[in-house]
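Asks: Sequence and predicted structure below; questions after.
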Amino acid sequence: MSADPAADLTARFRAASASAQTVFWRAPVTPAAMFHDLAAFAEEHGIERDAYGARGAVAQLEGEVAELLGKPAAVMFPSGVMAQQATLRSWCDRSASRRVALPDLSHLVHHEQDGPRRVLGLELEWLTTGRETPTAAALARVGGRLGAALVELPLRDGGCLLPTWDELVELSAAARERGVPLHADGARIWESVPHWDRSHSEAAALFDSMYVSLYKGLGASSGALVVCPDDLAGELRSWRQRMGGTLFSMTAAAVGGLIGLREHLTRFGDYRAWAIALAAALQQRGIRTFPEVPHVATFLAYAPGTAAEVNERVVTFTEEHGITPSGLWHDTDVPGWVETELTCYDAAVDHDPVEVAARLAEAVGT
C-alpha cells in the first residue's frame, strides 16, 4: 500500500474494472480486438491508406463528414486540441484580432494547459460563465473587435448543457450581423442533435466552422475533424503541418471513424432516451442529477458522502460483484456531496435503467 490512499483506490478500481461488466461509457476493448475490427472493415470495404493526410481512408472520411454536416470541406486532425487551436488561429488571422469569446468552462480553458494563449497567443474573453448557455445577449456583452467566438455543444464541464434551438439561431444571426466568425466545439454534436430534433446539417449551418470528435461518441481510437468553407480548409491544412499534425498516416483513426459513423450515428437518440430514464430512476433513490432531465446521453450525478468513503464502496462493490456501477466520484463545492459523470452508450441500453439505478444506489450507499 502506498502513502496515497486515493492512488491505492484508483489502482484497485482499475484492476477490478478491467474484467468487470460495465454499463457506462464503453466496455473495454483489447488492442487485438480493435485492430481486428479495423482490418476486417478495411478489407470488406476496400479501404486504401492515406499518405500524410491525403487520399485513402482520410479523404473518404473527410468527404462523408463534410456531406453529413452540409459543409464544403472537412479537415482531419490527430486531436481535437490541435483542430480547435488551428481553427481559432485561422479565424483570428482573418479578423485581425486575437480576441476569442468562449465559455469560462470551455475544454480549451480547463483541459489544455492554457494552450490557446501560450501556443498561439490568443486572448480569451468569457462568452458565458459557469452553467450558462450561450445567447445573442451574451455575445453582445463582449465588446470590441473579436477574432472569433466559440460555443461548446454541449458544455461538458457544466453538466453537458445545451442552449435551446431558438437561442442558437439568434446567436448565429447576431454573430453574422456583427461579422464575428462563430465556431462550434461539437465534439459531442452527434449526441446533441436529438435534443433539438434537428439534423446534423441544420446544426452545422448555424456555424462558420465546427469541430467534431471521432472517439467520444463514435468510438474510434482517436482523431478529429473540422468542417468549414473550402478556403479555410486550406489554411487549416497549413496549420496542421506547422503544428506537427500532418502524420505519415492517420488511416487507423480514419477507419475507426468510418466504422463509428455506421454503427453509432443513428443510435444517439436511443442513448439519450435511456439516460433520461436512468436519471429519473436515480432521483427516486436519493441520487440527484444535473440536468434534472439530461440534454444528451451524458450527465452529472450527485450523492451524499465524501469521495474517500463513496469510492471505497464503489471499488468494493466492483471487486465483489464483478460489475462496475460507475466511475470514481469527486468531492464537490458543497461539503458532504460527491459527483460523477455518467455516459450512456451502447453498453447501457442493453440494461434496464431502473435496475442500473438500484445497483448504483446500493454501491454508493444511498
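Replies: Thanks, I have it.

Asks: now stretch 311-321, how far from the centre of its chain.
Replies: 28 Å (CA atoms, centre = their mean, to the nearest Å).

Asks: and Arg145, how many neighbours does it have?
Replies: By other CB atoms under 10 Å, the residues close to Arg145 number 12. Just so you know, the C-beta spots here come from the backbone N, C-alpha and C atoms, and that holds for glycine as well.

Asks: before we move on, what about Tyr271?
Replies: By other CB under 10 Å, 24 other residues sit near Tyr271.

Asks: Which secondary structure state is assigned to the closest residue to Gly365 other than its chain neighbours?
Replies: Excluding the flanking residues, the one nearest Gly365 by CB to CB, 6 or more residues apart in numbering is Arg313, at 5.3 Å. At Arg313, secondary structure determined by DSSP: H, G, I helix; E, B strand; the rest coil is helix.

Asks: just use 365 as the starting number from now, easier for me
Replies: Yep, numbering from 365; the last one is Arg677 now.

Asks: was I right about Arg677 contacting Ala725?
Replies: No: counting by CB atoms under 8 Å, Arg677 stays clear of Ala725, with 10.8 Å between them.

Asks: what number of residues lie near Phe377?
Replies: With other CB under 10 Å as criterion, Phe377 counts 19.

Asks: Quick check: which element contains Ser565?
Replies: Following DSSP states H and E, one finds Ser565 within helix 564-568.

Asks: Distance from the chain centre to that helix, please.
Replies: For helix 564-568, the distance to the chain centre is 17 Å (CA atoms, centre = their mean).

Asks: pull the CA atoms of that helix into CSV?
Replies: Extracted C-alpha coordinates of helix 564-568, given in CSV (Å, rounded to 0.1, in the frame of the first residue of the first chain):
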residue,chain,number,x,y,z
HIS,A,564,-26.6,17.4,-38.3
SER,A,565,-26.5,19.7,-41.3
GLU,A,566,-29.1,22.0,-39.7
ALA,A,567,-27.0,22.4,-36.6
ALA,A,568,-23.8,22.9,-38.6
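
Asks: List of residues touching it?
Replies: The contact list for helix 564-568 (CB atoms under 8 Å, 6 or more residues apart in numbering) reads 432-435, 517, 532, 548, 550, 553-554, 556-557, 560, 574, 591.

Asks: right, and out of these, which lies closest to Ala616?
Replies: Nearest to Ala616 among the contacts of helix 564-568: Trp554, at 20.2 Å, using CB to CB.

Asks: and Ala513, how many neighbours does it have?
Replies: Neighbour number of Ala513 under other CB under 10 Å is 28.

Asks: and it, what element?
Replies: strand 512-516.
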